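*Asks:* just need the structure, nothing else, for what follows:
(4 chains)
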2 protein chains.
Amino acid sequence: MSKRPEPPIAPSAEAPRRAADRIRDTAAELFYREGIRAIGVEEIVNRAGVTKPSLYRAFESKDELAADYLRDYDRRFFLSFEAPAADHPGDPKGQLLAYLEILSVRASSDGYRGCGLTNAVIEYPDRDHPAHQVAVDSKRALRERLREMCRGMGARDPDELADGLLLLLEGSYVSGQTFGEGGPARALGAAARRLIDASL
Amino acid sequence: MSKRPEPPIAPSAEAPRRAADRIRDTAAELFYREGIRAIGVEEIVNRAGVTKPSLYRAFESKDELAADYLRDYDRRFFLSFEAPAADHPGDPKGQLLAYLEILSVRASSDGYRGCGLTNAVIEYPDRDHPAHQVAVDSKRALRERLREMCRGMGARDPDELADGLLLLLEGSYVSGQTFGEGGPARALGAAARRLIDASL
DNA sequence: TGACAATGTTACCGATCGGTACGTACCCTG
DNA sequence: CAGGGTACGTACCGATCGGTAACATTGTCA
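*Replies:* Coordinates of the predicted model:
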């Protein structure tokens, strides 16, 4: 193999990236901030500086674009969920609390828009909708991960504790939007700590 | 005042009630089950068996109809929130747990659609939207009511406990939709109990 | 009977919705 | 330089959105 084609110029870098990528980024931003139903494809392509056919060449439909956005959101979510764990090796409780502490701050500050996946379930209650399915799958995975961590903590009833913590998590996501600065999510850390300690 | 007009025939009863009332009922049902953005005015009037002009004679706009729906939802919510308290006079903890027990069952059974007010905040993140405002006001009142109850319990930090409980509540609303039957809301009672007991 | 309020009927508005048929500029390869 | 694919834009589609104008019909009360 003498010289492989080598992607056009810079695969990353700045400049006019592929239309599909610009659409993905713009859609992610708009869907998250305003809601999926609130944003039309017209606005996405306008803000992305592309045209509608480009969108429909890369994505089957708006619904599929939304599902794609959520799949990506899911990936980034679990990255940020696991990231703080690095500072607490072999300490599931410390790992979880580290994430919760970060969330607590974000979710009780102004302009917070909650979890894109949770929001999607509410926007699309229909179980058959692609966006709904992606979001629910992600939440099931989160529940399982929490159970795992609770087992690691040595909880008396790990599944029950995991569910309690999941309620606190989801509560923080939605309350963050409702109350903004100084909202109830600021109590997330303390509540989680108490709940965990009372369950070991 | 000899005899005041006296409402037409039966203020309640069956039969062809006023168009505005039929619209209200139908909109409440559809908005709650499918979401506000998902339902068009056309569908509301069709299902209510009335016509569009009737809707716009009784309501300024769809947004105002939505706000009206939420105001009514708020009223009925606080009724159902306070109702179970009757069995536990002078016992704030028992009162709250009684409601939570009921919610726990409903929110972990199939087809649950959460809290209409919470859903509205997510559907309309714009603070200026009438629906958003009604919902946020209602949630603020709920937070205040919870603080009151936590003071009544003699909590060390009533505001913090109230926020923790609010997170559990909101978490149940949204998780109910995500997980359906057997969802994490079934752990609501146990979690609340532990949180309260660890905060007195 | 006659007046009034409430509702229905029909037809329409401009804007926006999600989605597409079709033409064109570009770049790599031969 | 020819050809062909890739990537994109122009212009448009029918359907539905929220909302309204003008007028006919009904039921209730005085």
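
*Asks:* how near is residue A:132 to residue A:123?
*Replies:* Using CB to CB, to the nearest Å, residue A:132 is found at 9 Å from residue A:123. (C-beta placed from N, C-alpha, C; glycine too.)

*Asks:* ah, wrong one, I meant residue A:180
*Replies:* 20 Å.

*Asks:* so for these two, which sits in the more crowded spot?
*Replies:* Each of residue A:180 and residue A:123 has its neighbours counted (other CB atoms under 10 Å in any protein chain shown); residue A:123 has more, 23 against 17.

*Asks:* got a list of what that one touches?
*Replies:* By CB atoms under 8 Å, 6 or more residues apart in numbering or on different chains, the contact set of residue A:123 is A:35-37, A:131, B:35, B:37, B:122-123.

*Asks:* would you list these in a markdown table and tack on secondary structure, pLDDT and distance to DNA strand D?
*Replies:* Below are the contacts of residue A:123 laid out as a markdown table (DSSP: H, G, I helix; E, B strand; the rest coil; pLDDT from 0 to 100; distance: CB to the nearest atom of the strand, whole Å):
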| residue | secondary structure | pLDDT | distance to DNA strand D |
| --- | --- | --- | --- |
| A:35 | coil | 97 | 14 |
| A:36 | coil | 97 | 15 |
| A:37 | coil | 97 | 11 |
| A:131 | helix | 97 | 18 |
| B:35 | coil | 97 | 11 |
| B:37 | coil | 97 | 7 |
| B:122 | helix | 98 | 17 |
| B:123 | helix | 97 | 12 |
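
*Asks:* just name the closest of those residues to residue B:168, please.
*Replies:* residue B:122 (18.2 Å; CB to CB).

*Asks:* what is the burial count for that closest one?
*Replies:* Burial of residue B:122 is recorded as 26 neighbouring residues (other CB under 10 Å).

*Asks:* got it, and residue A:128?
*Replies:* Neighbours of residue A:128 (other CB under 10 Å): 7.

*Asks:* low pLDDT regions in chain A?
*Replies:* A:1-17 (pLDDT under 70).

*Asks:* spell out which parts of it neighbour DNA strand D.
*Replies:* A:16, A:18-20, A:49-54, A:57 (CB under 7 Å from any atom of the strand).

*Asks:* try 10 Å this time
*Replies:* A:7-8, A:16-23, A:42, A:45, A:48-58 (CB under 10 Å from any atom of the strand).

*Asks:* quick one: the strands in chain A?
*Replies:* For chain A, applying DSSP state E gives no strands.

*Asks:* quick one: the helices in it?
*Replies:* A:19-34, A:41-48, A:52-58, A:62-82, A:92-107, A:116-123, A:130-153, A:158-179, A:188-197 (DSSP state H).

*Asks:* distance to residue B:30 added to those, as CSV?
*Replies:* Output for the helices of chain A, formatted as CSV (distance: least, CB to CB, whole Å):
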stretch, distance to residue B:30
helix A:19-34, 22
helix A:41-48, 25
helix A:52-58, 30
helix A:62-82, 21
helix A:92-107, 31
helix A:116-123, 15
helix A:130-153, 18
helix A:158-179, 22
helix A:188-197, 34
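
*Asks:* residue B:82: which of those helices is closest?
*Replies:* helix A:158-179 (20.7 Å).

*Asks:* show me what the closest one packs onto, helices and strands only.
*Replies:* Secondary-structure packing of helix A:158-179 (3 or more CB pairs under 8 Å, 6 or more residues apart in numbering or on different chains; DSSP states H and E): helix A:92-107, helix A:116-123, helix A:130-153, helix A:188-197, helix B:116-123, helix B:130-153, helix B:158-179, helix B:188-197.
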